Structures are given as C-alpha cells and as structure tokens.
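[1] Below is the sequence, then the predicted model.
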Amino acid sequence: MKRLNQKRIKNLWAIALLAVALVTPTTWAKETDQLVLDGSTTLGPIAKAFAEYYMAKNPGVNVTVNESGSGNGAKSLINRTCDIASMSRFMKAKEFIAAVNKGVMPVAHVVAMDGLPVLVHPSNPVKALTVKQIRDIYSGKITNWNQVGGPNLAIVMISRDTNSGTYETFHKLIMTHKVDGKKIKEKISKKAEYVGSNGGIRTRVQSTPAAIGYAGLGFIDKTVKALKVNDIYPTRETVTSGKYPISRPLFMITNGYPKLGSHTHAFVTLYLSEKGQEIIEDIGFVPVTKY
Amino acid sequence: MSVTVLKKTSILNTPSDNLVLSSRANLAQNILAWIGQSFLFLVTATAAMIVLFIIFYIAKNAIPFFQIQGLTEFFTSAEWYPSGDPPAFGVLAIMLGSTLVTLGAIVVTVPLGVAAAVCLSDILPFSISQTIKPIVEILAAIPSVAYGFFALVIFAPLLQEEGGRLLMVGWYLLAVPFLFIITIVISEMLTFKITHESSRKTARTAALFVLGGSFIALLIFVGNTLGNLTITTGTNALNVSIILGIMALPTVVSVSQDALQAVGRELRDASYALGATRAETLIKVIMPAASGGIFIAVLLGIMRALGETMVVWMASGNAAQIPSPWFNYLQPVRTLTATIAGDMGEADQVTGSSRYHVLFAMGLILLMFCFLCNLVSEWIVSRQRKKLRGEN
C-alpha cells in the first residue's frame, strides 16, 4: 500500500513538473516597433486619434496610449517607461530637475491649444461669470447660484483631481491672483468634489442642475453649457489669441529632440501636417498652425 | 520490516516483483519527494514573505511622514491640501469619510445579507436555494468599475432627481415591518406580568393602540421629512454606501449561510423535538449558535467595503470635508482608498516628500484596521472551536 502511494506521488510530481515546463514561456513575443505615450487625459483624444492614424499609415508600429494624468506622464518619461509624455501643463521645476538628474532632457512640443470652458447644466440661466466670481465660487465665498444671478440653488463645485494638468491650469489661471502685487493662491473649498477625468466632469455636470465644472475645449457639447468668462466665450479664435482667460498650450514632451526619421519624431511632428491639424480640429481643440 | 518480508516473497513469487522498488529507485523517489516538498514549502513561504514584505515596505515608507510632520496634524486636522503652499496633511475628514461609507455599507448589507442567508439555509427548499445562491454570488463577479459606472451615471442622477422620494420609499419599506414587530413585542413585554386574563387583554390592546399610534406618527413624520429633501449632489456618501453594501452582499450571504449550515441537523431536530416553532428555533437556537460565523461575515463585509477603491473614487464626490452635521450622508466625502489612488501620480514624482509618504501613512492605517479585523475573526473562530469541543 505504501509503495502504491509513493508511486502515485511520483506520478503526481511528474505531472506537476510537466505542467511547470509547459507554462514556462518558450517563445518570446516578436520584437516590434513600440511607441508608448503616457500622460494627460485632456490630450487623450489627440493622442489616440494620432495613434490610430499613425498605426494605419505605418503597419508594424504599435502605439500605446496611456491616460493617467500629466503628473504620471512626467513620471513615466523620467523613469523612461514612455517615449512621449503628453502633458496639459509644462513640467514643474521639481519634475524638470528630477528628469535632468536622471539624464532625461525634456523637450516640449506644443501640439495644440486648449481653453478650459467653465461648464454648467443647460437649464442654468447664468450665462457669464468673471474670473473673480469663478474664483469666489471655487474658494467657497459664493455658495448659491442666486449670488451670481441664477436660481436659488446651492452650487455643486466639481473639480478635476489634483493629479491632472487641467487642475493645475485652472489653479494657476483662476485660483491664483495678485493682491497688492503679491501672488496669492486661493485654496479650493473643501466642499468641492473631485473627478478623475474630463469625461467624468461632463457626466457630472450634465446630470446635476446645480453643478459647475471645468474641462477641455473638446468636451463642450449639447449636454452642457459653456459660460462666457470675462465676457469672452471660449472659441478657437479667442483661445489661440489668448483673449479667453483660461487658455493653455498642450504639450508632448520627449527625452531630447527625437532622432530625425524615428517614429517618435514622426509622431510628435504630426501636428504640423495638414492631417494632424484636421484631427486636432475634429476633436475640438485648436491647432497651433494656420494653413 | 515489511520491506524485507516483501522481498522474500518476491523471490518466490515473480508477479509481485514489480511491487518492490530497487534501492536506487527508492532513493530517486525519496529525492523527488523531498524536492516536491521543498518546492511546495517555498511557494507557501513566498506567499507569507510577500505579506510580510508589504507590511514592512508600507511601514518603512509611512514612518518618514510622521517623522517630518508629526502625528498631531495627521490625526486631528481636517485640512487636506497636499498640493497647497504650505501643504496641509490633515486626514481626519478622510478617515471619517471612510468610516461613514463603511458603516453605511454595513447598515445596508448586514440585515439584507443575514436575512438572505437565513432564508437560503433554513426556509427555502433545497433545490430553490441551490439555484438562488449562485445568482447572488454573481454579484461578486461584477468588476468594481462597472459598479462605479452605475453609481456615477445612473444612480447619482436618480438620487438628485428622485432622491427624497426614494429615501421615503426606502424608509417605509424598512421601518413599517420593523416598527410593527417592535410594537407587538413591546406591548407584550409591558403587559405579560398582569395575571388577570381580561385586564391583561385590555392593557395589551391599549398599549398596542398607544404605541402603534405614536409609531405611525413617527413613521409619517420621518417619511414626509425625507420626501421633502432635495439632494443637491448625487455623488455622496449615501450613494456609495448603498453600492458598497450591494458589493459586500455575496460575501456576507455566503459566509453567514455556511455558518448557519454548520450548526447542523441535530441542534435543529432537538429544538423542534422540544416543541419550538421554526421561528423560535431560528432565533433562539440557530442564530446564537451561528453568531460567530455571522460576525465573521460582517467583518469580511467591513473589509470589503473599506478596501474598495474604484467605486468610491468614481462616485463618492471625493470632497475632503467633514459633512455638516458629521453624519450627513447626503454630502460628498473622500475615503482613504480613493485618496491613495487619486494622489498617487503627483506624489510619486517627488520621492521623499511628505506628499508621497502621507499616502503610505494612510495605507498603513487601512492595513492596520484590516489586520485588526482579521485578528478578531481568528479569535472568534478559535473561541467557537473551543465551545464546540465543550471546553468553553
């Protein structure tokens, strides 16, 4: 009986070893041309449309687009886990220093312009706000829509998460102001809700009558209403000319200027081509070049 | 000894010869067995080591935060401005958010889950409960991002538009049967000492009327108050509590049902033999006997709700505030898990800063709480085992 058991155990071990041998990878994935993008969700639509176009034109090249926020994009570039960091803000000093210390030389390519429209529910009668009013709303000084000419409704502030370039831009262009020549950064009220993506902002605003939010220019549609800020409506013209107060450039950042003729080079210069500008316009952003 | 005997017989009997191994084969087999055992040991040890490593790594990264910032601000301040200038790292509001959401989930999941478990194990016929249980368990197979999407896109707008009425209906559904039973029980308890038959009956009816009337008034008052509420934002603690409660349901149902089943036929039969009704058997015999297991089910539910990230990140509103008043479930809250997930990207950038280490400090708090839950459930299991062995 004992022998029999031992034999069975032996068989079991043979099977187990075989299984281990089988799952051990014997063939490795074939090397392909890889291009990895990581970063801003604002740039997500551009990056994805570029990737689609580029892969169709260059079969055999695999472009991966990750959208984890500008901060993560910078981190990936510094850690060399991506080729291009798409960022809706420029690198912070700390990030830049960290990059240089690791031997990564960030080179910025401005691929498009973007404005941050301030969005409200379509049923909201408020049509325009000033930068100061927006700042007071987000810092919690104005809490009801009737203080800015709207209905008697408590304002629901919706902000992008602190991980996003959109938040950084908003914070820099709206929440920071000068009092007696001194720069003051207002804190966003503790009551503000945080959402992890631009699409999430639109979802929340389109379903919440009392909401106010901000997102990329490409996220305006019929379901949400964009407000005039300082009497300027966010359009392509007002954004490129800088008249609209919450405008910003969108970056793709590479490690050094990419080698001419490389896929990275072709990709980050795509915005200069006619097709690239068409793509950017289609998605609702503003091309930096005019043709 | 048996080996030598076998060997002797094998000389006489050739057919049984193949049952005996040569000493070389025996050695090979021993070595193989040894290799196998050490391989298995290695795998198990790796699993244990990974746990220890995680605890060590989190603690190692959390401690610098307390060294830089101290303990006071972290535990007592509700100011959460990690990207501010100067930054503020008060986690009180976030811990309260986690607590609120977890408590809410427990309030949703425990009555539902335990009731469902009782129903599955003791009330429904075997064949039906065998069909229903897998259906309940499908809830565990739905990815949490799908729950989050539902909470954000469907449930939040619903709460905003119909919130008051939804709350009112929920209140009536829960409170009517509960208050009904309470009324009957209390009026019985108040009057059972009266020995005179007819006066007891009168007293009981009077008590029923008084209690019933006041409860109906309470019911309608609370119902109307809830019905008139307007919910300004649908991504709030209530939304997430309900969704997390549903997510924890399969765990609670499965574990409590197993606990109820483990009570065994004998106890049930003994109770019935003593003349107890099914309700009495359930409430006075089976539930107390299974209470340890049910408590563990609740603990597992707590850990599920506390550790969930995607749903709270999508649908809790993520406002790092203490709601006013603090138990206001209709305001957005921020939880520990969502904060860790949401702030990771920015924080990792500047390794070594407080902003990076504070996330590990939060992770440590979560870990310690779950560890505590685990210890408590281990303790309950061992106590239960002793009880069953009659050691007490």
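    Perfect, thanks for sending it. If you're wondering where the values come from, they're calculated on a predicted model, not measured in any experiment.
[2] hey, let's count contacts and neighbours off CA atoms from now on
    Noted.
[3] Provide the contact partners of stretch A:122-135 at residue level.
    A:142, A:148-151, A:174-175, A:186, A:206, A:209-210, A:223-225, A:227-231, A:245 (CA atoms under 8 Å, 6 or more residues apart in numbering or on different chains).
[4] what's the span of that stretch from first residue to last?
    Stretch A:122-135 has an end-to-end distance of 21 Å (CA to CA, to the nearest Å).
[5] Give me the distance from that stretch to the chain's centre.
    In terms of CA atoms, centre = their mean, to the nearest Å, the centre of stretch A:122-135 is found 24 Å from the chain centre.
[6] Can you list the buried residues in it?
    For stretch A:122-135, the neighbour count (16 or more other CA atoms under 10 Å in any protein chain shown) marks A:122, A:124, A:126-131, A:133-135 as buried.
[7] picking up where we left off before, narrow the contacts of stretch A:122-135 to those that are buried.
    A:142, A:148, A:174-175, A:186, A:206, A:209-210, A:223-225, A:227-229, A:245.
[8] Using pLDDT, spot the least trustworthy of those.
    Lowest in pLDDT among the buried ones among the contacts of stretch A:122-135 is residue A:186, which has 86.
[9] Would you check how far apart the residue lying closest to it once chain neighbours are set aside and chain B are?
    Residue nearest to residue A:186 in three dimensions, not counting chain neighbours: residue A:175, with 5.2 Å by CA to CA, 6 or more residues apart in numbering or on different chains. According to CA to the nearest CA, to the nearest Å, residue A:175 stands 12 Å off from chain B.
[10] Check residue A:190 too.
    Remark: distance between residue A:190 and chain B (CA to the nearest CA) = 5 Å.
[11] Helix, strand or coil: sort out that residue for me.
    The local conformation at residue A:190, judged by DSSP: H, G, I helix; E, B strand; the rest coil, is coil.
[12] Setting the sequence-adjacent residues aside, check what's closest to residue A:196.
    residue A:161 is the one closest to residue A:196 (CA to CA, 6+ apart), at 5.5 Å.
[13] residue contacts, the one you found?
    Residue A:161 makes contacts with A:167, A:194-197, B:342-343, as judged by CA under 8 Å, 6+ apart.
[14] List the ones among the contacts of stretch A:122-135 that fall in helices.
    Counting by DSSP state H, these place residue A:206 in helices.
[15] What's the local residue count around residue A:172?
    The number of residues packed near residue A:172 is 14, by other CA atoms under 10 Å in any protein chain shown.
[16] Downstream of the helix or strand encompassing residue A:37, the next helix or strand is which one?
    Residue A:37 is located in strand A:33-39, with elements delineated by DSSP states H and E. Counting by DSSP H and E, the next helix or strand C-terminal to strand A:33-39 is helix A:44-57.
[17] list the helices and strands that following helix packs on?
    Judged by 3 or more CA pairs under 8 Å, 6 or more residues apart in numbering or on different chains; DSSP states H and E, helix A:44-57 is in contact with strand A:61-67, helix A:274-283.
[18] contacts for stretch B:63-71?
    B:354, B:357-358, B:361.
[19] next one: stretch A:255-272
    Counting by CA under 8 Å, 6+ apart, A:35, A:50, A:54, A:77, A:83-84, A:104-107, A:109, A:111-112, A:252, A:276-277, A:280, A:287, A:289 sit against stretch A:255-272.
[20] Spit out the contact partners of residue 137.
    No chain in the question, so chain A it is. By CA under 8 Å, 6+ apart, the contact list for residue A:137 reads A:143, A:155, A:157.
[21] wrong one, I was asking about chain B
    B:250-251, B:254.
[22] Quick check: buried residues in the helix or strand that contains residue A:238?
    Secondary structure assignment for residue A:238, by DSSP H and E: helix A:236-240. By neighbour count on 16+ other CA under 10 Å, the buried set for helix A:236-240 is A:236, A:238-240.
[23] and of those, the nearest to chain B?
    Closest approach to chain B among the buried residues of helix A:236-240 (CA to the nearest CA): residue A:239, at 27.3 Å.
[24] And the pLDDT at the closest one?
    Residue A:239 is given a pLDDT of 87.
[25] any idea how far residue B:379 is from it?
    Distance from residue A:239 to residue B:379, by CA to CA: 64 Å.
[26] Might you report the residue contacts of the closest residue to chain A within the stretch 151-300 of chain B?
    Nearest residue of the stretch 151-300 of chain B to chain A: residue B:157, at 5.6 Å (CA to the nearest CA). If you count contacts by CA under 8 Å, 6+ apart, residue B:157 has them with A:207-208, B:234.
[27] interface residues of chain A facing chain B?
    Residues of chain A found near chain B (CA under 8 Å from any CA of the partner chain) are A:3-4, A:6, A:9-10, A:13, A:68-69, A:71-72, A:74-75, A:94-95, A:98, A:154, A:156, A:161-163, A:185, A:187, A:190-196, A:203-204, A:207-208, A:210.
[28] Any of those buried? List them.
    For the residues of chain A next to chain B, a burial check counting by 16+ other CA under 10 Å picks out A:9-10, A:13, A:68-69, A:71-72, A:74-75, A:95, A:98, A:154, A:156, A:161-163, A:187, A:190-196, A:203-204, A:207-208, A:210.
[29] Now do residue A:268: how many residues are near it, please.
    For residue A:268, using other CA under 10 Å, the count is 23.
[30] and the contacts of residue A:161, which of them are in helices?
    Under the assignment DSSP H, those contribute A:167, B:342-343 to helices.
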